[in-house]
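Trainee: Any chance you can model this:
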Amino acid sequence: MKDQPDAAPSAARTRPAGQLHLALAALAAALLMSASALLAQDAAPAAEPPETLTIRAAQVLHPGHPIARGLEYMAMLVRERSGGRLLLEILPPSQFTGERELIERVQMGDLDLIVITTAPLYGFTNDFMALDLPYVFDSPQTARKVLDGPFGEKTLQSALGVGLVGLAYYENGLRHISTSDRAVAVPGDLKGLKIRTLESRIHMEVFRTLGATPVPLAFGDLYQTLKSGNVDGEENPLSVIMTSRFYEVQKNLALTGHFYLPSPMFIAAGVWNKLPESHRELLRSASRDAMHYHRAVADGFSGPETLEFLKSRMKVEERPDLALWKSALAPVRDRFKAEIGEEALAELDREIARVTSGDAPAAASSAAEPPAAASSAAASEAAAPAAALAE
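Mentor: Prediction:
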């Protein structure tokens, strides 16, 4: 966080020296007349000089990605609502190799605010592991209801233990498998392939279970690695495959939806604790409003236009037998049950059951319904992302 004074302090005022021939009586009268004013001036707090606080923010995805757009929208809201006294400076994603680096840079004090997927977090804390199991959520809509509710809020704030204050849940979304040469339709089709994964033990175990060789790799290196043929495929949401142009270096796509990855927004606890409450409240509200904008854009990227765009460039398996995939990956949950904790898993299952039955509790921080302004602002961008990116 950087302090940027808006204006230099005004020059000190000088007062002419009193005349030596002034009568002592006149001097005493002048002092008595100004005494009350002087006392009042001493008692009042000094006015704070105008200044701008700058929050350094980052994420690793292409600037056209819904997460990048959401962060840009938040920066606009923060600037407008603070009258320019609080700013988000969004650093280019090309400066970073991956999300683990973002966490480390926050801990070193080089960054203030980040948006990352939950996968690299359990190199620092295990509290997010339950969210990363395969086929936890059947849709982004179910996931959002859980994450905006008590379970999600409690999990978000668990990152305080590693110096991160959670503000909101953005999303990376449902992940699908792309490959270079071999088309994938059933789990057995992955046997023997080298698949790039996130730097996550759960993600790596999923692809081992499917017979593939997982290759954990930072996102910044992925396009060139796919292009070189050093790995056979990768897995990502449609939005990432689109904005990162993986369709240029991959021939096949299977809509497996095997993971849903939340992407929490965090601010460094040391930065947060130094902010005045007015700035904290502004960041809370702007992060939530921008979250709704981001989700509207993300929904546009998962729509039919994006799929048609990718089908024109890749062979797409639109309806793989998900029962086969879920059955093949069921053992992964058992392998991580002890580490995650049976109660945490049971609590998540109960929350999913509530939101899908229509008995969900009210969402935290008024996150349940998107503000009209955010929905309206996102509508034009979400309408045809494929056409915009194809230019």
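
Trainee: Quick check, R56 in contact with L113.
Mentor: Yes. In terms of C-beta atoms under 8 Å, R56 counts as a neighbour of L113; the distance is 7.1 Å. In this view, the C-beta of every residue, glycine as well, is placed from N, C-alpha and C.

Trainee: neighbour count winner among these two?
Mentor: Residue environment comparison for R56 versus L113 gives the larger neighbour count to L113, 28 against 21, counting by other C-beta atoms under 10 Å.

Trainee: pretty sure the more buried one is touching A57, no?
Mentor: Yes. If you go by C-beta under 8 Å, L113 and A57 touch, sitting 4.1 Å apart.

Trainee: what touches both of these two?
Mentor: L88 (C-beta atoms under 8 Å, 6 or more residues apart in numbering).

Trainee: thought V206 was touching H258?
Mentor: Yes. Counting by C-beta under 8 Å, V206 does reach H258; the two are 6.8 Å apart.

Trainee: okay, and the common contacts of those two?
Mentor: Residues touching both V206 and H258 (C-beta under 8 Å, 6+ apart): 134, 329.

Trainee: before we move on, which element is F259 in?
Mentor: According to DSSP states H and E, F259 maps onto strand 252-268.

Trainee: Tell me which other helices or strands the following helix or strand past that strand touches.
Mentor: Helices and strands here follow DSSP H and E; after strand 252-268, the next one along the chain is helix 269-274. Using 3 or more C-beta pairs under 8 Å, 6 or more residues apart in numbering; DSSP states H and E as the contact criterion, the neighbours of helix 269-274 among helices and strands are strand 164-179.

Trainee: Okay, now the sheet partners of the strand it packs on, with direction.
Mentor: If you go by DSSP bridges, strand 164-179 pairs up with strand 233-236 (antiparallel), strand 252-268 (antiparallel).

Trainee: Out of the ones you listed, flag the one nearest K326.
Mentor: When those are ranked by distance to K326, counting by C-beta to C-beta, first place goes to strand 252-268 at 8.7 Å.

Trainee: Off-centre distance for that closest one?
Mentor: Relative to its chain's centre, strand 252-268 lies at 11 Å (C-alpha atoms, centre = their mean, to the nearest Å).

Trainee: Alpha carbons only: can I get it in CSV?
Mentor: Once side chains and other backbone atoms are set aside, the C-alpha atoms of strand 252-268 remain, and they are given as CSV (Å, rounded to 0.1, in the frame of the first residue of the first chain):
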residue,chain,number,x,y,z
ASN,A,252,-9.9,-31.8,-28.5
LEU,A,253,-12.1,-30.7,-25.6
ALA,A,254,-14.3,-32.8,-23.3
LEU,A,255,-16.9,-31.0,-21.1
THR,A,256,-16.2,-33.1,-18.0
GLY,A,257,-16.8,-30.4,-15.4
HIS,A,258,-14.8,-32.4,-12.9
PHE,A,259,-13.9,-29.5,-10.7
TYR,A,260,-15.5,-26.2,-9.7
LEU,A,261,-12.8,-23.8,-8.5
PRO,A,262,-13.7,-20.8,-6.4
SER,A,263,-11.3,-17.8,-6.7
PRO,A,264,-11.4,-15.9,-3.4
MET,A,265,-10.3,-12.3,-3.2
PHE,A,266,-7.9,-11.6,-0.3
ILE,A,267,-6.2,-8.5,1.1
ALA,A,268,-3.1,-8.7,3.3
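
Trainee: so how far is R56 from P214?
Mentor: 33 Å (C-beta to C-beta, to the nearest Å).

Trainee: And for L77?
Mentor: When L77 is compared with R56 (using C-beta to C-beta), they lie 17 Å apart.

Trainee: pLDDT weak spots in this protein?
Mentor: Confidence mapping of the chain against pLDDT under 70 gives the ranges 1-50, 358-391.

Trainee: Tell me which residue is most central in it.
Mentor: Of all residues in the chain, the one closest to the mean position by C-alpha atoms, centre = their mean is V115, 2.7 Å from it.

Trainee: which residues touch it?
Mentor: Contacts of V115 were listed using C-beta under 8 Å, 6+ apart, and they are 57-59, 67, 70-71, 170, 263-266.

Trainee: do L87 as well
Mentor: Under the criterion of C-beta under 8 Å, 6+ apart, the contact partners of L87 comprise 52-55, 75, 78-79.

Trainee: repeat that with 6 Å
Mentor: By C-beta atoms under 6 Å, 6 or more residues apart in numbering, the contact list for L87 reads 54, 79.

Trainee: and if you look at L77?
Mentor: When contacts are counted by C-beta under 6 Å, 6+ apart, L77 is found next to A286.

Trainee: Please identify which helix or strand holds it.
Mentor: Assigned by DSSP H and E, L77 belongs to helix 66-81.

Trainee: buried ones in that helix?
Mentor: Taking 16 or more other C-beta atoms under 10 Å as the basis for neighbour counts, the residues of helix 66-81 that come out buried are 66-75, 77-79, 81.

Trainee: ditto for stretch 201-211
Mentor: For stretch 201-211, using 16+ other C-beta under 10 Å, the buried residues are 201-207, 209-210.

Trainee: would S287 count as being in a strand?
Mentor: No. Under DSSP: H, G, I helix; E, B strand; the rest coil, S287 falls outside any strand and is assigned helix.

Trainee: Does it touch G166 like I think?
Mentor: No. Taking contacts as C-beta atoms under 6 Å, S287 lies outside contact range of G166: 9.5 Å.

Trainee: between those two, who's got more neighbours?
Mentor: Comparing S287 with G166 by other C-beta under 10 Å, the one with more neighbours is S287, at 26 against 19.
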